[in-house]
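Here's my sequence, what's the structure:
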Amino acid sequence: MKRVVVSSFAVFLAAAVCAITAAPRAEAGAAYVGSKKCKMCHIKQAKSWEGTKMGKAFELLKPNVAAEEKKKAKLDPAKDYTTDTKCLPCHTVGYGKGGYDTAAAKEDFQSVGCEVCHGPGGDYLTDDRMSNKNKEFKNADLAKFGFVAKPTEEQCRECHNEKSPFYKPFDFAKRKAEGIHEHVPAKFQH
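Numbers count the residues shown, from 1 in each chain. Next up, the predicted model:
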């Protein structure tokens, strides 16, 4: 009788482990795909983003870049901060969450890219959701899969806060009005 109970428990435990590991990605957090995947369809936005502070955020971590600002913030301007775990969450895409990784150091995840504001694309950048095959997607439908059409102040304040050695008062309304990249009218109503 005890063997049946133990066996039933083992089967239950194995089924539970399989169910947990086979859970959809949305529950565990979507994968980051990188800005190149976004750029394929949003070329004008990507080009305008590349010249912004957000588009060049990773460069600031390199030695002797923004040396005067680093000195004012009491940081060593000659130091290479490109592997500093305190800096990477705000100067890369998805650091510590499956995006930027210091071992791979993929350029596509450097700086404050598309997915920082619009959410990890692994679950919404698919052929049946947002793609060249489905250009008439609806933002509300994609939101279920992690897409953020309009970034929030809370998202921005994850980095624009007093923890940053370069913090300056952050005016979300002003920044939102200025925009981070060119906004091109959509051909399809989303």
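
Number of residues surrounding I43?
11 (other Cβ atoms under 10 Å). (Each C-beta comes from the backbone N, C-alpha and C, glycine too.)

How about the backbone phi and psi for it?
phi -60, psi -50 (degrees, to the nearest 10).

Then V33?
phi -110, psi -20.

ok, now which ones touch the residue lying closest to G146 once chain neighbours are set aside?
Nearest non-adjacent residue to G146, counting by Cβ to Cβ, 6 or more residues apart in numbering: G119, 4.2 Å away. Shown in contact with G119 (Cβ atoms under 8 Å, 6 or more residues apart in numbering): A30, G146, F147, V148.

how deep is the first one tucked in, by neighbour count?
Neighbours of A30 under the rule other Cβ under 10 Å: 23.

Use 747 as the first number from now on
Fine by me, first position is 747 from now on; the one you just mentioned is A776.

which SS class is it?
Three-state assignment for A776 (DSSP: H, G, I helix; E, B strand; the rest coil): coil.

follow-up on the earlier one: just the ones of the contacts of G865 in strands?
Among those, DSSP state E puts none in strands.

Generate TSV for those residues, with distance to F918 and pLDDT as supplementary columns.
TSV is the format used below for the contacts of G865 (distance: Cβ to Cβ, whole Å; pLDDT from 0 to 100):
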residue	distance to F918	pLDDT
A776	25	82
G892	21	91
F893	20	92
V894	15	93
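
now, which of those sits nearest E815?
Proximity of those to E815 (Cβ to Cβ) peaks at V894, which lies at 29.6 Å.

quick one: low-confidence ranges for this protein?
For the chain, the stretches flagged by pLDDT under 70 are 747-774, 932-936.

re earlier: any idea how far P911 is from the residue nearest to G892?
27 Å (Cβ to Cβ, to the nearest Å).

go on, P809?
Taking Cβ to Cβ as the measure, P809 falls 16 Å from P911.

and if you look at Y778?
From Y778 to P911 the distance is 26 Å (Cβ to Cβ).

And for R921?
Counting by Cβ to Cβ, the separation of R921 from P911 is 20 Å.
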